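**Student:** Kindly return the folded structure for what I paste below:
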Amino acid sequence: MTFKQFANKPIIKFITNRYVIILSVFIVWMAFFDENSFLNHRELDKEIHKLKNEKEYFKSQIEQDKELIKKLEDKEKLEKFAREQYHMKKENEEIYIIEYDTLPKK
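**Tutor:** Residues are numbered from 1 along each chain as shown. The predicted model follows:
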């Protein structure tokens with residue numbers, strides 16, 4: 001098969017059409033090299049998904065903290081919280097902290 005016969009095939013004529021070449025170069029450029037490329041959009045979508053998950057996590061943390069604040073409005077519960085979490089004590093009072101060994105015995 002000669003080059004002229006090869007060039008006269010319909011698929012080769014279509015591929016070598018200048019509009020097809022320009023369009024394919026444009027598509028490749030937009031997909032990979034442009035600032036708004038497909039790859040950049042994929043990375044940004046992943047970042048958006050990550051931030052939405054963080055937002056949900058922090059909303060749940062805020063709700064938990066609001067519940068804790070409501071509980072701590074009572075003076076007795078506030079005192080209990082301070083004693084347990086921050087090891088605070090009253091004057092002339094001793095506190096003994098008991099830690100349990102969680103390692104299994106051999």
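**Student:** What is the burial count for Asn36?
**Tutor:** By other Cβ atoms under 10 Å, the residues close to Asn36 number 8. C-betas here are computed from N, CA, C, even on glycine.
**Student:** brain fart, Lys55
**Tutor:** A total of 10 residues lie near Lys55 under the criterion other Cβ under 10 Å.
**Student:** and it, what helix or strand is that in?
**Tutor:** Under the criterion of DSSP states H and E, Lys55 resides in helix 38-71.
**Student:** Average pLDDT for that helix, rounded please.
**Tutor:** In this model, helix 38-71 has a mean pLDDT of 95.
**Student:** so how far is stretch 73-91 from its chain's centroid?
**Tutor:** Centroid separation between stretch 73-91 and its chain, computed with Cα atoms, centre = their mean, to the nearest Å, is 37 Å.
**Student:** next one: stretch 97-106
**Tutor:** 37 Å.
**Student:** likewise stretch 49-59?
**Tutor:** How far stretch 49-59 lies from its chain's middle: 7 Å, per Cα atoms, centre = their mean.
**Student:** how about it as PDB, C-alpha atoms only?
**Tutor:** Provided in PDB are the C-alpha atoms of stretch 49-59 (Å, rounded to 0.1, in the frame of the first residue of the first chain):
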ATOM      1  CA  HIS A  49     -15.700  16.900  50.100                       C
ATOM      2  CA  LYS A  50     -13.000  16.900  52.800                       C
ATOM      3  CA  LEU A  51     -14.100  20.300  54.100                       C
ATOM      4  CA  LYS A  52     -17.800  19.300  54.100                       C
ATOM      5  CA  ASN A  53     -16.900  16.300  56.300                       C
ATOM      6  CA  GLU A  54     -14.900  18.600  58.600                       C
ATOM      7  CA  LYS A  55     -17.900  21.000  58.800                       C
ATOM      8  CA  GLU A  56     -20.200  18.100  59.900                       C
ATOM      9  CA  TYR A  57     -17.700  17.000  62.500                       C
ATOM     10  CA  PHE A  58     -17.300  20.400  63.900                       C
ATOM     11  CA  LYS A  59     -21.100  21.000  64.000                       C
END
